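S.K.: here is the input, now give the coordinates:
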Amino acid sequence: MSPGQALRRRVPPWAVDVGLVVLAVLDAWINLFDEGTPVVWFCVAIGSTGLSLRRRFPLTVFLLTLPMTVFMDVAVAPIAALYTLATATRNRRLLVGCALLHAAAGTLAWPLSDTFTGDRTWTLIQFVYTLATAIAPVLCGQLVQARRDVARQLKEVEEAREHERALHAQTVLAHERAQLAREMHDVVSHQVSLIAVQAGALQVASADPDAREAARTIRSLSVNT
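M.R.: Next comes the predicted model:
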């Protein structure tokens, strides 16, 4: 186990979620410099606290972070939401659409009429930069998902091998038991056959009627056995 995996196992998930919420609020506060309106702070509260539910509702939480991205240049909340969404879904089109949506929200100015009044080249550069920033957590999330898939497949292969080894051991044990049973059958059959032969000889050679009757009984039982 790597040190990173050991650390993740020691830190409970709720502590990680609380830490992300605190970082998201701190990121928004630094960008606002106490200039935020009540509407902006409401968006910050919704988007930041929504990170605590990112494991259960990753797409919804990502959508809740979009208003923050429109009003300010934040990174923690949308990146965490995109990363969680990328680890939870296999829909590549959805991930591309969310990355484009994040880039568009990060490029738009508020009010929206101010977006296209300035230098459009700079707007395009800002869009490409924001899109690249959004693609990074998506790729990391997909990498984590692929790693989990490989780990699960390796575990399944190992379990299949263990099952195969157990079946092989049972087959070998059954073969040994059958071989032992055959050997015991041969030995017992040989001994009982000798008993039957000896009883038959005693039955023929003995002059005592009781001895002949006992020998006949012994021979009959041996033959039946």
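S.K.: where does the chain have low pLDDT?
M.R.: Along the chain, segments meeting pLDDT under 70 span 1-9, 33-34, 109-120.
S.K.: center of it - which residue?
M.R.: The residue lying closest to the centre of the chain (CA atoms, centre = their mean) is residue 152, at 4.9 Å.
S.K.: which strands and helices sit next to the helix or strand hosting that residue?
M.R.: Element membership of residue 152, judged by DSSP states H and E, is helix 120-205. Secondary-structure packing of helix 120-205 (3 or more CB pairs under 8 Å, 6 or more residues apart in numbering; DSSP states H and E): helix 76-88, helix 92-107, helix 209-224. In this view, the C-beta of every residue, glycine as well, is placed from N, C-alpha and C.
S.K.: okay, those helices, which one's buried deepest?
M.R.: helix 76-88 (a mean of 24; mean count of other CB atoms under 10 Å).
S.K.: shouldn't residue 126 be in contact with residue 104?
M.R.: No: look at residue 126 against residue 104 with CB atoms under 8 Å: they stay out of range, at 10.6 Å.
S.K.: the strand or helix carrying residue 60 to helix 120-205, inter-axis angle?
M.R.: Secondary structure assignment for residue 60, by DSSP H and E: helix 58-71. Interaxial angle, helix 58-71 versus helix 120-205 (axes from the mean of the first three to the mean of the last three CA atoms, to 10 degrees): 160 degrees.
S.K.: for helix 58-71, buried residues please.
M.R.: Within helix 58-71, the residues scored as buried using 16 or more other CB atoms under 10 Å are 58-59, 61-71.
S.K.: most widely separated two among those?
M.R.: For the buried residues of helix 58-71, the farthest-apart pair by CB to CB is 58 and 71; their separation is 22.0 Å.
S.K.: quick one: residue 101 from residue 210, how far?
M.R.: Between residue 101 and residue 210 the distance is 108 Å, computed by CB to CB, to the nearest Å.
S.K.: list the contacts for residue 86?
M.R.: 95, 137, 138, 139, 140, 141, 142, 144, 145 (CB atoms under 8 Å, 6 or more residues apart in numbering).
S.K.: can you tell me which of those is nearest residue 22?
M.R.: Nearest to residue 22 among these: residue 137, at 18.8 Å, using CB to CB.
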